[in-house]
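> With the sequence up front, the predicted model follows.
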Amino acid sequence: MKRLLLYLIIPTVALINFTSKGLAINPIDNPVTGKTPQNSKIHLFNGKNLDGWYTFLKTKGKNIDPNKVFTVQKGVIRISGEEFGCITSNEAYENYKLEVEFKWGELTYPPRVANARDSGVLIHSTGEDGAFSGIWMYSIEYQLIEGGTGDLLVVGDGTPKFSLTCPVEQEKQGGSYIFKAGGNPATINSGRINWWGRDPEWKDIKGFRGGKRQGRSSW
């Protein structure tokens, strides 16, 4: 089962209008054909509560969230960032276009009080909860981090079972490949491929932006 998994590292994050377009494994929308129509829209978040998702916190496990790290406020998902964890879709999906809108809050917590606000979306998540660092399933991460939103990471066990292939620049940046449309393909089993505009002087500090303005990330 491959799942969409929204994970947090530390910052306050609000996610809005979390939708998926494409063919879903489940649920089945058409009882006659047994398939979900191509290009149909599935609203993964209902704007009211976390129905369709479950929570997982590193120190507490599944659906145990006494500090309310994950809440719905004013029609958006709010992630306080107080603890390491994630929310995971109950259903599995494939062949989709995922649309996510997000914004950062102001609060940050130890151990990243002064570090860049950092979160992300893990797609095609598979296996056991907490398999990676005791927090997330193995997956591919679309990173949401100040100055680096759009980086792609392999969140796996370092073996060829988990890989990412992408066209890249000839030269690396800080040991990582850089995305380049039309570039030579490179495959990684761990680590990161940077988005094309990532500042080579990127610093892991709160509020970092870099020279290139980030809006919609494009690959």
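Sure thing, it's come through. Only a predicted model underlies this, so the values are computations on that prediction, with no experimental measurement involved. Numbers count the residues shown, from 1 in each chain.

> Quickly find the element holding the residue nearest to Trp53 when sequence neighbours are not counted.
Excluding its sequence neighbours, the residue lying closest to Trp53 (C-beta to C-beta, 6 or more residues apart in numbering) is Ile87, at 4.5 Å. C-beta here means a position set from N, CA and C on the backbone, and glycine is covered the same way. Using DSSP states H and E, Ile87 sits within strand 85-92.

> partners of that strand in the sheet?
If you go by DSSP bridges, strand 85-92 pairs up with strand 3-8 (antiparallel), strand 53-57 (antiparallel).

> what does the average pLDDT come to for the first one?
The predicted model gives strand 3-8 an average pLDDT of 59.

> same thing with stretch 79-94?
Summarised as a single mean, pLDDT over stretch 79-94 is 91.

> any idea how far that stretch is from the chain center?
Stretch 79-94 sits 9 Å away from the centroid of its parent chain (C-alpha atoms, centre = their mean, to the nearest Å).

> Endpoints of it, how far apart?
Chord length of stretch 79-94, first to last residue, is 25 Å (C-alpha to C-alpha, to the nearest Å).

> next one: stretch 124-140
7 Å.

> what's the following helix or strand after the strand holding Ile87?
In N-to-C order, the element after strand 85-92 by DSSP H and E is strand 96-104.

> who does the next helix or strand after that next one touch, helix- and strand-wise?
Sequence order places strand 118-126 as the next helix or strand after strand 96-104, per DSSP H and E. When contacts are defined as 3 or more C-beta pairs under 8 Å, 6 or more residues apart in numbering; DSSP states H and E, strand 118-126 sits against strand 3-8, strand 96-104, strand 138-145.

> Look up how far Ile79 lies from His43.
Counting by C-beta to C-beta, to the nearest Å, the gap between His43 and Ile79 amounts to 19 Å.

> before we move on, what about Ile42?
Per C-beta to C-beta, Ile42 is found 21 Å from Ile79.

> Which SSE is immediately downstream of the worst-scoring helix or strand of the chain on mean pLDDT?
When the helices and strands of the chain are compared on mean pLDDT, DSSP states H and E, strand 13-22 comes out lowest with a mean of 38. Moving toward the C-terminus from strand 13-22, the next helix or strand (DSSP H and E) is strand 41-43.

> List the strands paired with that next one, with their directions.
Here strand 41-43 is paired, per DSSP bridges, with strand 13-22 (antiparallel).

> So which bits of the strand holding Ile87 are buried?
Neighbour counts over strand 85-92 (16 or more other C-beta atoms under 10 Å) mark 85-89, 91 as buried.

> tell me the angle of it relative to strand 138-145?
130 degrees (axes from the mean of the first three to the mean of the last three C-alpha atoms, to 10 degrees).

> Read off the pLDDT value for the spatially most central residue of the chain.
By C-alpha atoms, centre = their mean, the chain has its centre lying nearest to Val121, at 0.9 Å. Predicted confidence (pLDDT) for Val121: 92.

> what do you get for Glu106?
Model confidence at Glu106, given as pLDDT, is 88.

> And it, how far from Gly81?
From Glu106 over to Gly81 (counting by C-beta to C-beta), the distance is 11 Å.

> Quick check on those two: which one has the bigger neighbour count.
The neighbour comparison of Glu106 against Gly81 (other C-beta atoms under 10 Å) goes to Gly81, with 23 against 8.

> And what about Asp129, helix, strand or coil?
coil (DSSP: H, G, I helix; E, B strand; the rest coil).
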